[in-house]
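J.: Next comes the sequence, and after it the predicted model I'd like to discuss.
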Amino acid sequence: MNNTNISQTTVIRREGFGLCIAGTRITLYDVMDYLKNEWPPTLIQHWLKLTDKQITDVMEYIKNHRGEVEAEYQQVLDYAQELRQYYEERNRERFEQIKAMPPKPGQEKIRAKLQALKEKLVQQEKQALA
């Protein structure tokens with residue numbers, strides 16, 4: 001049996017989901033997100049709770065079908081961006097209403113803490129860039 005057949009039992013195409021890891025709800029596009037962020041396969045395996053066989057087969061499949069996987073991954077990213085823009089536009093008015101609402105009574109302390117934390121993070125970011 002050649003290695004392509006092994007990875008094909010692990011990597012399947014599910015209608016409406018695309019390339020997936022058999023027996024899971026994990027897509028290869030999920031794995032690609034981690035690879036694009038330079039996660040090593042062992043960390044991806046741990047994070048997604050994959051077996052040794054699953055991660056080996058997935059990495060082999062991606063290697064052997066790189067062009068196809070990359071093209072589909074880009075389509076997924078483009079579609080996600082379109083959805084994000086659609087819903088941001090659709091809900092813009094509601095977001096503005098929520099933003100303009102006064103804080104609920106009793107939340108003043110927590111809001112002050114959050115604001116202080118935001119300011120601290122901005123300051124740290126500025127220092128890191130300097």
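T.: That came through, no problem.
J.: got the residue ranges for the strands in the chain?
T.: 11-14, 18-21 (DSSP state E).
J.: just those: most buried one?
T.: Neighbour counts averaged per stretch over those are highest for strand 18-21, at a mean of 20; criterion: mean count of other CB atoms under 10 Å. In this view, the C-beta of every residue, glycine as well, is placed from N, C-alpha and C.
J.: now that one, how far from the chain's geometric center?
T.: On the basis of CA atoms, centre = their mean, to the nearest Å, strand 18-21 sits 15 Å off its chain's mean C-alpha point.
J.: re earlier: please name whichever of the strands of the chain is nearest to M101.
T.: Closest of the strands of the chain to M101 is strand 18-21, at 39.6 Å (criterion: CB to CB).
J.: what comes up buried for stretch 103-120?
T.: Residues of stretch 103-120 include none that count as buried (16 or more other CB atoms under 10 Å).
J.: Brilliant, that's me finished.
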